[in-house]
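Trainee: Sequence first, then the predicted structure, then my questions.
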Amino acid sequence: MIILLLNAGSSSLKFQVIDMVCEKVLIKGTCEKINSRKSLIRSRSFAGVEFIRQYDELVDHKDAVYHIKEIITDSKYGVIKDFSEVSVIGHRVVHGGEYFKDAVLIDDDVIEKIRDLIVLAPLHNQANLNVILICRELFGDKISQAAVFDTSFYFGMPQKAYMYGLPYRYYEKYNIRKYGFHGTSHKFVGEKCAEIMNQKIEDLKIITCHLGNGSSITAIDRGKAVDTSMGFTPLDGLIMGTRCGSLDPSIVTFIEEKENLSPEKMDSILNKESGFLGISGVSNDDREVLESAKNGDERSALSQEMFDYQIIKYIGAYAAAMNGCDAIVFTAGIGENQWGHRENVCESLSFMGVELDKKVNREMIFGKCGKISSPKSAVEVFVIAANEELAMARYIQKIFTK
Ligand code: AMP
C-alpha cells in the first residue's frame, strides 16, 4: 500500500510518500510560501535525488497539489510511475473536536464535521479542509482519502482533566474545553517506549515530552492519554518558540485595555511574539537562544531556565496525577537533540528516583535514540525520534485492516 501524506498549513503544504510494505519513505518535501512571489518546492527521494525549484507564484494549494503530483511521478525526481499507484491520500487535520477518536476515511459527513470545527482552529482546519476538497476535485473517487486528527489521542481524557473552571454553559454553547494537540506524536513515542521496555503499554505509566518549536507534555496512563499541557488551542502549557504557554487569563484583558489592542492583535502577540522570542528578544529557535545564552545574554538564559522549570513542574504534576511514573520520553527537535535541557530537567526529578546516565545522555543526539537513564534509576528515561508521518500512515493502514 502506498500512502501520500499531506500536511497543510495556511501557506505551506508538506508531503511524504510512504510504501507501507516496508514502511519506507519514498519521497518527502515541502511547498513553501504558497500564494507569494517567493513560492518554493523542495523534495528529496530515498535515493537522495533532490528537487528544488523557485516558482514565480504558486497561486494556491491546488497549484501546490498539482505540482506535488507532477514531482512524485516525474521520471527524474519522482518515485512512482503513475499516480494511480497511490492507494490513499492521508491528511493531517489539526482539530477533530469531540467527533473523532481515530483516523477515518473521508466522506461527506467527515467533511461537514471538519468544517464545523473551523471555528475552533480557524487557520489550520480551514487549510486542511481546502486541501481535502482539492484532492476530491482532482482525483474524484479513484483514490480514497483519510484524515488523522491531532486531537484524537485525547478523546478519552477524563472530564475532570479537560474542563476549565468557567461557567458550564460555555462548554455547552461553544465546546470550550481542553482538547490537546500533538496527539499522533505522543501516542507513537508512548507505544514505542513500551516496545523498547518490552512491556505492555497497559502496564505502564508514561510521561511523554514533545519539545520542539511547539511543545507539549502528556500523561499516558496504561495506554490512555489522561492529561496534556496544551488546551483549547495549542497556545496553552509550556513556553514555546513564539507561544507564551499558560498565563493568568487576566493578563490578556489587562494588556488589551492598556495598549488598546484588538483581540486579533493580542492573539498574534500571544502566538507569534512571545515564548523564547518574546523573552530573549533574540530568536524562537532554541539553538540560537542557547548560543546567545552561552555568550552571556541574560534574557536568553532566562527563557531557557523558564522552559526547563516548566517541564519539571509538568512532569511532577503528571506523576502525581497518575500516582506514579514508569518512564519519561523526550522527543522532537529539542527533546531529541538538546541534551542540556534533558540533564537540567532530570536533575530536578531525583525526588522521583530519576537518575540519568550523563555520558549516555550527552551522546544521545542527532538521530540517536535509546535509554538515557542509569540502571539504578527508578524511572526509565528515553529519547525516541518523533515520526508523525509514519505514525499517521500506520493509523490509516489500520482503517483498511479492521
Ligand atoms: P521541531 O519543531 O520538532 O522541528 O523542533 C525545532 C526546535 O528544535 C528548534 O527550536 C530547534 O532549535 C531545536 N533543535 C535543536 N537541535 C536541533 C537539531 N539538531 N535539529 C533540529 N532541531 C533542533
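Mentor: That came in fine, so what should we check first?
Trainee: element containing the residue in the stretch 251-400 of the chain that the ligand sits nearest to?
Mentor: The minimum distance from the stretch 251-400 of the chain to the ligand, using CB to the nearest ligand atom, falls at Gly333 (2.0 Å). Where you see a C-beta, it was placed from the backbone N, CA and C, and this is true even at glycine. Following DSSP states H and E, one finds Gly333 within helix 332-337.
Trainee: So which elements touch that helix?
Mentor: strand 205-211, helix 339-347 (3 or more CB pairs under 8 Å, 6 or more residues apart in numbering; DSSP states H and E).
Trainee: and if we set it to 7 Å?
Mentor: If you count contacts as 3 or more CB pairs under 7 Å, 6 or more residues apart in numbering; DSSP states H and E, helix 332-337 packs onto strand 205-211.
Trainee: Mind checking the pLDDT average for the strand it packs on?
Mentor: Averaging pLDDT along strand 205-211 gives 98.
Trainee: And the closest residue to Leu166 other than its chain neighbours, how far from Pro167?
Mentor: Once flanking residues are discounted, Leu166 sits nearest to Ile176: 6.5 Å by CB to CB, 6 or more residues apart in numbering. Distance, Ile176 to Pro167, using CB to CB, to the nearest Å: 10 Å.
Trainee: re the thing from before, and for the residue of the stretch 251-400 of the chain closest to the ligand, the neighbour number?
Mentor: 18 (other CB atoms under 10 Å).
Trainee: The chain should start at 56 in everything you say after this.
Mentor: Fine by me, first position is 56 from now on; the one you just mentioned is Gly388.
Trainee: Check it and give its pLDDT.
Mentor: For Gly388, pLDDT reads 95.
Trainee: shouldn't it be in contact with Gly267?
Mentor: Yes: in this structure, Gly388 is within contact of Gly267 by CB atoms under 7 Å, at 4.2 Å.
Trainee: and the longest helix anywhere in the chain, what does it pack onto?
Mentor: With secondary structure taken from DSSP state H, the chain has its longest helix at helix 353-376. Secondary-structure packing of helix 353-376 (3+ CB pairs under 7 Å, 6+ apart): strand 260-266, strand 270-276, strand 279-283, helix 330-335, helix 341-349, helix 394-402.
Trainee: Without its sequence neighbours, what residue ends up closest to the residue of the stretch 156-305 of the chain found nearest the ligand?
Mentor: In the stretch 156-305 of the chain, the residue that lies nearest the ligand is Gly267 (2.5 Å; CB to the nearest ligand atom). Once flanking residues are discounted, Gly267 sits nearest to Ala387: 3.5 Å by CB to CB, 6+ apart.
Trainee: Look through this structure and report the residue furthest from the middle.
Mentor: Distance from the C-alpha centroid of the chain peaks at Lys313, with 34.0 Å (CA atoms, centre = their mean).
Trainee: What distance do you get for it to Gly408?
Mentor: Lys313 sits 46 Å away from Gly408 when distances are taken as CB to CB.
Trainee: Close to the ligand: what parts of the protein are there?
Mentor: Applying CB under 6 Å from any ligand atom, we find that the chain lies next to the ligand at Gly267, Asn268, Gly296, Asp340, Asp341, Arg342, Ala387, Gly388, Ile389, Asn392, Gln393, Phe421.
Trainee: what's the helix or strand for the closest residue to Val149 other than its chain neighbours?
Mentor: What sits nearest to Val149 in space, not counting adjacent residues and going by CB to CB, 6+ apart, is His179, at 3.7 Å. If you go by DSSP H and E, His179 is part of helix 177-194.
Trainee: the strands in this protein, which residues?
Mentor: For the chain, the strands defined by DSSP state E occupy 57-63, 68-74, 79-87, 95-100, 105-109, 141-148, 159-160, 199-204, 260-266, 270-276, 279-283, 382-386, 425-426, 435-438.
Trainee: Tyr217 and Asn230 touch, don't they?
Mentor: No: using CB under 7 Å, Tyr217 is not in contact with Asn230; the gap is 10.7 Å.
Trainee: In terms of neighbours, single out the busier of those two.
Mentor: In this view Tyr217 and Asn230 are compared by other CB under 10 Å, and Tyr217 has more residues nearby, 19 against 15.
Trainee: Tell me how many other residues surround the residue lying closest to the more buried one once chain neighbours are set aside.
Mentor: Closest residue to Tyr217 apart from its sequence neighbours, by CB to CB, 6+ apart: Lys233 at 4.2 Å. A count of neighbours around Lys233, defined by other CB under 10 Å, yields 20.
Trainee: Same question for Met361.
Mentor: Neighbour count of Met361, defined by other CB under 10 Å: 16.
Trainee: how near is the nearest residue to it once chain neighbours are set aside to Ser284?
Mentor: In space, and not counting its chain neighbours, Met361 is closest to Ile294: 5.3 Å by CB to CB, 6+ apart. Going from Ile294 to Ser284 by CB to CB gives 11 Å.
Trainee: which one of these two has more residues nearby?
Mentor: More neighbours surround Ser284 than the other of Ile294 and Ser284, with 27 against 22 (other CB under 10 Å).
Trainee: so the more buried one touches Ile272, yeah?
Mentor: Yes: Ser284 is within contact range of Ile272, at 4.6 Å (criterion: CB under 7 Å).
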